[in-house]
Each structure stands twice: as structure tokens, then as C-alpha cells.
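Chemist: Give the three-dimensional model of this entry:
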Amino acid sequence: MIWIQSLMERVSAGMKRTEVTLPPWFLPLYEVEVEAEPFAGGHFGKVHRGVMGSGEKVVVEFFSVDELVMDERAQVQAERELGRLFQLRHSNVVKILGGSHVSTPPFVVYEDTGNGNLGCFLARSDKNNKKIWAMLHDAALGLDYLHKKGFTHGHLKLSNILVGTDGQAKLADVGLNAMRRYSALSKKFPDAVAKDDLRWRAPECLFLLPW
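Modeler: Numbers count the residues shown, from 1 in each chain. A predicted model of the protein is given here:
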């Protein structure tokens, strides 16, 4: 009887040690109503519009990652990266609202800035075009904030600078290097994926220097 009781205590202790604590940014997909058709996409996945249960409009990025590639090690790296990105809070950086690194496919939910990217915004009217220097100043403030937080953007371009409904420019496509790396490994030609964005990369990326 004593032996059985001891065994049960060890089993119970083992179960407590293996309890999973979800990170504060974890967001199950059922909490977001996602539009069926993507409005954008690329080598790494597809981007859809969506609506949270609260009614807030969001953007959802699904990553094209093979289940065999996205193993436990990859999930740990993605979780660590998402945890850092979730803490970023600046008016000139697109906010991450949550996501899931263990879903199939993995996804990230962002705020919907509402006015598209900077290139499209400037092209809509001469009035918008006159705001270019103010917008670039906003982008510089966001970039300075990222650098102080230890992030290097790596592929800054007009399509990755979005414009909010408040008229401020916001940097998008920050981080998520682990997710992109495993997405590239899921492709038949990962080298072609890596070279596609080459002309936008920062010098430290081209010369394999620390980010």
C-alpha cells in the first residue's frame, strides 16, 4: 500500500512538472474571424484580413511551414522570438496582438493599420506625396526604437512601411527570422527564396555579421 502511494505521488509530481503554461501572447485561431481569400502573400506565406471577437480589425499572417520542418526545436525558437516581438510597443512600429507557433500553419496577428503601405499611400494623391518627409521621419523613429531594443530590421522597404489611420508611418515585417528560416527550408528551392529579397537587406545581413 505504501509503495502504491509513493508511486502515485511520483506520478503526480511528474504531471505537475510537465504542465504547459501558455505565453501571454498566445492566441487560438478560433478567436479571430479570418477572411477566406488572402490579400497579399509571398514566399513565406499568405496574409489575410480578419476581425477579433471584440470587433477590432486585424491582419493575420500564415507561414508556409512544413510540419516535419517545424519540429519542437523550431517551435521553441519561434516562441522566444514572438515573446520579444510582443513586447514592442511604439507608435511607429506595427503592433503584434498575438499568434500561435504550434498551429498548422503557424500564424501571427497584427493590428490593421488601415492605410496600406507607404508606396501606395504616397501615390494616391499629391497631398499625400507632400507628407513623404514626415513619414520617413516616423519610420526613422520606429527604426531607432527597434535598434535600442536589439532588433535589426534587415529588409526595410516602402512595402514594409505601413500608414495608420492616424497618418503615422509604422514599420512592419519586423523579426520572425526563425519562422521565415523554417518556411524557406520547407521550399524546394530555399536559396531562391533567400535571394529574392537581397537588394533590400542591410549590409550586416549581406556580410553575415551579427544582427
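Chemist: Could I get the full set of strands for this protein?
Modeler: Per DSSP state E, the chain carries strands over the ranges 32-34, 40-41, 45-52, 57-63, 96-100, 107-111, 114-117, 161-164, 169-171.
Chemist: now the angle between strand 57-63 and the fifth one, please.
Modeler: Right, strand 96-100. Inter-element angle recorded for strand 96-100 and strand 57-63: 40 degrees (by axes from the mean of the first three to the mean of the last three CA atoms, to 10 degrees).
Chemist: one step back: pick the most buried one from the strands of the chain.
Modeler: Burial of the strands of the chain is given as mean neighbour count (mean count of other CB atoms under 10 Å); strand 169-171 ranks first at a mean of 26. Just so you know, the C-beta spots here come from the backbone N, C-alpha and C atoms, and that holds for glycine as well.
Chemist: Distance to residue 137 added to the strands of the chain, as a markdown table?
Modeler: Below are the strands of the chain laid out as a markdown table (distance: least, CB to CB, whole Å):
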| stretch | distance to residue 137 |
| --- | --- |
| strand 32-34 | 33 |
| strand 40-41 | 26 |
| strand 45-52 | 27 |
| strand 57-63 | 24 |
| strand 96-100 | 23 |
| strand 107-111 | 21 |
| strand 114-117 | 17 |
| strand 161-164 | 12 |
| strand 169-171 | 8 |
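Chemist: Lowest mean pLDDT across the ones you listed, which one is that?
Modeler: Lowest mean pLDDT within the strands of the chain: strand 40-41, a mean of 82.
Chemist: which secondary element of this structure has the worst mean pLDDT?
Modeler: Using mean pLDDT, DSSP states H and E, the weakest-scoring helix or strand in the chain turns out to be helix 190-196, at a mean of 48.
Chemist: Once you drop chain neighbours, what's closest to residue 29?
Modeler: residue 103 (6.2 Å; CB to CB, 6 or more residues apart in numbering).
Chemist: gap between the two ends of stretch 101-108?
Modeler: 8 Å (CA to CA, to the nearest Å).
Chemist: residues in contact with the nearest residue to residue 118 once chain neighbours are set aside?
Modeler: Nearest non-adjacent residue to residue 118, counting by CB to CB, 6+ apart: residue 161, 4.1 Å away. For residue 161, the contact set (CB atoms under 8 Å, 6 or more residues apart in numbering) comprises 117, 118, 135, 139, 169, 170, 171, 172.
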